[in-house]
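> What follows is a protein structure lacking sequence information:
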């Protein structure tokens, strides 16, 4: 190959890489737009009415408020005791491998 051919080939490769980078940037924009979670309609209007006293679902009561609430329930006699919430690890889920037909298929077959 001559140096001129190498130069032309290099320019074609650079042009192709530039085009691919542009396409990649566009795909990233489209993907990020698709992955954004829109605000649910009910969340957008919660609390908008004059008499609406809605509390956003995402807000959690403070531990002090929970303690006060529990003490009030106990003092009023509505509850005898308040147990702490059961804590179960959510991230330790390990599916058990099973052999044979899928359970969902077995259920469908038995319904027929």
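Here it is on my side, so go on. None of these values were measured; they are calculated from a predicted model.

> Name the next helix or strand downstream of the helix or strand that contains residue 29, please.
Taking DSSP states H and E as the criterion, the element that holds residue 29 is helix 3-35. Per DSSP H and E, the first helix or strand lying C-terminal to helix 3-35 is helix 41-45.

> Which other helices and strands does that next one contact?
Counting by 3 or more CB pairs under 8 Å, 6 or more residues apart in numbering; DSSP states H and E, no packing neighbours are recorded for helix 41-45 among the helices and strands. No exception for glycine: its C-beta is placed from N, CA and C like everyone else's.

> And the average pLDDT for that helix is what?
When the per-residue pLDDT values of helix 41-45 are averaged, the result is 72.

> for stretch 16-35, same thing?
Confidence for stretch 16-35, expressed as mean pLDDT, is 88.

> Stretch 1-11 too?
Over the span of stretch 1-11, the pLDDT mean works out to 89.

> which is the next helix or strand following the host helix or strand of residue 67?
When elements are defined using DSSP H and E, residue 67 is found to belong to helix 63-76. Past helix 63-76, further along toward the C-terminus, the next helix or strand under DSSP H and E is helix 103-111.

> what distance separates that next one from the middle of the whole chain?
With CA atoms, centre = their mean, to the nearest Å as the basis, the distance from the averaged C-alpha position of helix 103-111 to the chain average is 30 Å.

> tell me what it is packed against?
Helices and strands touching helix 103-111, as assessed by 3+ CB pairs under 8 Å, 6+ apart, are absent.

> Between the two ends of stretch 85-103, how far is it?
Using CA to CA, to the nearest Å, one end of stretch 85-103 lies 32 Å from the other.

> buried sites along that stretch?
Taking 16 or more other CB atoms under 10 Å as the basis for neighbour counts, none of the residues of stretch 85-103 comes out buried.

> avg pLDDT for it?
Throughout stretch 85-103, pLDDT has a mean value of 77.

> And for it, what's in contact with it?
When contacts are defined by CB atoms under 8 Å, 6 or more residues apart in numbering, stretch 85-103 is touched by no residue outside itself.

> Right, I'll leave it there.
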